[in-house]
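*Asks:* Please work out how this folds:
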Amino acid sequence: MENLTISNSSLSARTSADVLAASTVLGLCCVLGVPGNIVVMVMLTQHLKEGSFTPQLMLSLAVSDLLSLITLPVWIYALLNGWIFGQGPCKVLSYIVYWSLYSSVLSVSLLSVQRYLQVLYPQRWAKLGTMGQKGLIFGIWTLSGTLASYSLFYRSVEVKEDGHQHCHQAYSSNLEKIIVLLVETLVMFVVPIFSLVCFYFRLHQRISQSSFFNSHRLTKLAVRIVVVFFIFSTPYMINNLVIISSAQMWIQKAIRPATSPSERN
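*Replies:* Predicted coordinates:
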């Protein structure tokens with residue numbers, strides 16, 4: 001019993017330390033990210049009159065980042081004290097976060113496509129026109145909102161082992177969890193990183209063959225975008241893959257007795 005008490009105390013201490021560390025990181029992201037994105041948005045609005053699509057896309061990216069950052073104080077409070085805001089805010093705030101995440105990913109992906117077409121096929125890109133560019137921005141936010149809609153169904157408030165209420169993903173089965181996380185990983189990581197590498201590599205390859213362009217600056221920019229996206233997306237995707245692996249192992253253990261009862265003899 002004494003060993004059990006010591007073990008529980010150590011576990012509680014580790015959990016408290018993890019929560020404190022996570023809250024500190026989120027707090028720094030909020031303090032630095034909110035004013036930083038506001039400054040970026042103010043600077044970008046000065047270039048919108050030029051008619052270039054890149055500032056519009058970067059502005060969309062800054063807005064999506066700001067949307068998720070302004071919700072951080074609520075999540076920090078929930079980490080420290082539990083979720084006290086009810087079921088409705090849990091679903092709505094989760095939807096805003098997922099909406100902004102998908103919008104950020106799609107904006108970065110579209111940026112690679114835009115650079116590819118604008119540099120190598122400027123006449124085709126010019127045919128898109130102002131209305132077409134606005135349609136792309138609108139399409140990003142519409143598609144992002146659609147992709148994030150599953151959070152309205154799966155997000156729920158439940159009481160955990162610590163006695164506090166938590167706003168988290170509540171799946172009806174492990175199979176359902178695997179499907180959702182696989183789609184999440186595919187859309188948020190695999191497809192964007194593939195498009196970034198593919199389009200920027202193709203762009204660098206074509207420009208390197210031409211004497212009219214200096215590809216050194218473009219290569220550095222492309223590498224920075226890919227590396228930054230990879231660094232910030234990889235931890236989240238690794239977490240998803242770990243959860244998927246755990247859920248898959250649970251399903252295999254649950255199915256094995258039913259499919260091969262002779263193994264129990």
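*Asks:* Could you measure from Pro35 over to Met41?
*Replies:* Separation of Pro35 from Met41 (Cβ to Cβ, to the nearest Å): 11 Å. (Glycine included, C-beta is placed from N, CA and C.)
*Asks:* neighbour count winner among these two?
*Replies:* More neighbours surround Met41 than the other of Pro35 and Met41, with 16 against 12 (other Cβ atoms under 10 Å).
*Asks:* My read is that that one contacts Ala62, right?
*Replies:* Yes: counting by Cβ atoms under 8 Å, Met41 touches Ala62, with 4.9 Å between them.
*Asks:* now what about stretch 83-102, what contacts it?
*Replies:* 64-65, 67-68, 71, 74-75, 78, 143-145, 147-152, 155-157, 164-167, 187-188 (Cβ atoms under 8 Å, 6 or more residues apart in numbering).
*Asks:* Now restrict these to buried residues only.
*Replies:* The neighbour-count test (16 or more other Cβ atoms under 10 Å) marks 64-65, 67-68, 71, 75, 78, 144, 147-148, 151, 155, 157, 165-167, 187-188 as buried among the contacts of stretch 83-102.
*Asks:* Give the other helices and strands that the helix or strand containing Thr146 contacts.
*Replies:* Using DSSP states H and E, the element containing Thr146 is helix 122-147. Contact analysis of helix 122-147 by 3 or more Cβ pairs under 8 Å, 6 or more residues apart in numbering; DSSP states H and E lists helix 53-69, helix 87-120 as its packing neighbours.
*Asks:* per-residue confidence for the nearest residue to Leu59 once chain neighbours are set aside?
*Replies:* Leaving aside its chain neighbours, Leu59 sits nearest to Leu44 (4.5 Å; criterion: Cβ to Cβ, 6 or more residues apart in numbering). Leu44 is assigned a predicted lDDT (pLDDT) of 80.
*Asks:* ok so, going back, what comes up buried for the helix holding Thr146?
*Replies:* 125, 128, 133, 136-137, 140-141, 144, 147.
*Asks:* State the distance from Lys91 to Leu117.
*Replies:* 38 Å.
*Asks:* hmm, I was thinking of Leu48
*Replies:* Counting by Cβ to Cβ - Leu48 and Leu117 are separated by 20 Å.
*Asks:* Mind checking which of those two has more residues around it?
*Replies:* Leu117 (18 against 11).
*Asks:* show me what contacts the more buried one?
*Replies:* 124-125.
*Asks:* how many degrees apart are the helix holding Thr146 and helix 53-69 in direction?
*Replies:* 10 degrees (axes from the mean of the first three to the mean of the last three Cα atoms, to 10 degrees).
*Asks:* Could I get the average pLDDT for helix 122-147?
*Replies:* Across helix 122-147, the average pLDDT comes to 88.
*Asks:* wait, what's in contact with the nearest residue to Ile137 once chain neighbours are set aside?
*Replies:* Of all residues not flanking Ile137 in the chain, Ser60 sits nearest, at 5.5 Å (Cβ to Cβ, 6+ apart). The contact partners of Ser60, taken as Cβ under 8 Å, 6+ apart, are 103, 107, 137, 140-141.
*Asks:* My guess is Phe189 contacts Leu241. True?
*Replies:* No: if you go by Cβ under 8 Å, Phe189 and Leu241 don't touch, sitting 9.6 Å apart.
*Asks:* More neighbours: those two, which one.
*Replies:* The residue with more neighbours, out of Phe189 and Leu241, is Phe189; 20 against 14, by other Cβ under 10 Å.
*Asks:* So that one lies in a helix, does it not?
*Replies:* Yes: according to DSSP: H, G, I helix; E, B strand; the rest coil, Phe189 belongs to a helix.
*Asks:* Could you check how far it is from Val34?
*Replies:* Counting by Cβ to Cβ, the gap from Phe189 to Val34 is 25 Å.
*Asks:* host element of the residue nearest to Leu59?
*Replies:* Taking DSSP H and E as the criterion, Leu44 maps to helix 2-45.
*Asks:* Could I get the average pLDDT for the helix or strand encompassing Val157?
*Replies:* For Val157, the host element (DSSP H and E) is strand 155-159. For strand 155-159, mean pLDDT is 86.
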